[in-house]
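In: sequence unknown, structure follows:
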């Protein structure tokens, strides 16, 4: 899914029981419930594709988790999903593929590539509140963050981090200029920064 799909909280429609069903992105306000069921699915699918054989094995090994995540991002209840899985495995697998594809930001996250010469960052004691606070300090409101999809949340967090680093770089240049400039050069530098 592309950034605009994620940012606009779009869904996709797929056929189910002779009707169209919308498959939505998971929102941050439901993420605590999502995690407990989606984590085993994510672990099972690690480094695998979404072939019918793999998804059938996933459903057999993690039936309740699969039904719950499908239920959370569609308007289908678990009974309808289970009866469809028994009646037509192909139609059920189409729903499951749609759920995994729409929520690809969670199931198949894009790996962070360290910049040339940088070592991989050490995992710290950060919490969700740290990342929420970072977005709030970047101008987002708590309610907006809670209504974001996971994919939009992830992209906004990356964009805020990039913006923060850019501002930090700019401040470093300003401090260095102030430190090495005489009074007239510094005044000229500051005048250039004024709108």
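Out: Right, received. Where do you want to start? Just so it is clear, the model here is predicted, and its values are computed rather than measured.
In: can you tell me the element the most centrally placed residue in the chain falls in?
Out: For the chain, residue 151 is the residue whose C-alpha lies nearest the centre (CA atoms, centre = their mean; 2.7 Å). Here residue 151, judged by DSSP states H and E, is contained in helix 150-180.
In: list the helices and strands the least confident helix or strand in the chain by mean pLDDT packs on?
Out: In the chain, no helix or strand scores lower on mean pLDDT, DSSP states H and E than helix 3-7, which sits at a mean of 75. Judged by 3 or more CB pairs under 8 Å, 6 or more residues apart in numbering; DSSP states H and E, helix 3-7 is in contact with helix 150-180. C-betas here are computed from N, CA, C, even on glycine.
In: enumerate the positions of the helix it packs on that are buried.
Out: Residues of helix 150-180 classed as buried by neighbour count (16 or more other CB atoms under 10 Å): 150-157, 160.
In: following element in sequence after that helix, please.
Out: Once the chain leaves helix 150-180, the next helix or strand it forms, by DSSP H and E, is helix 183-193.
In: can you give me the strands in this protein?
Out: Shown for the chain, the strands assigned by DSSP state E span residues 12-16, 19-23.
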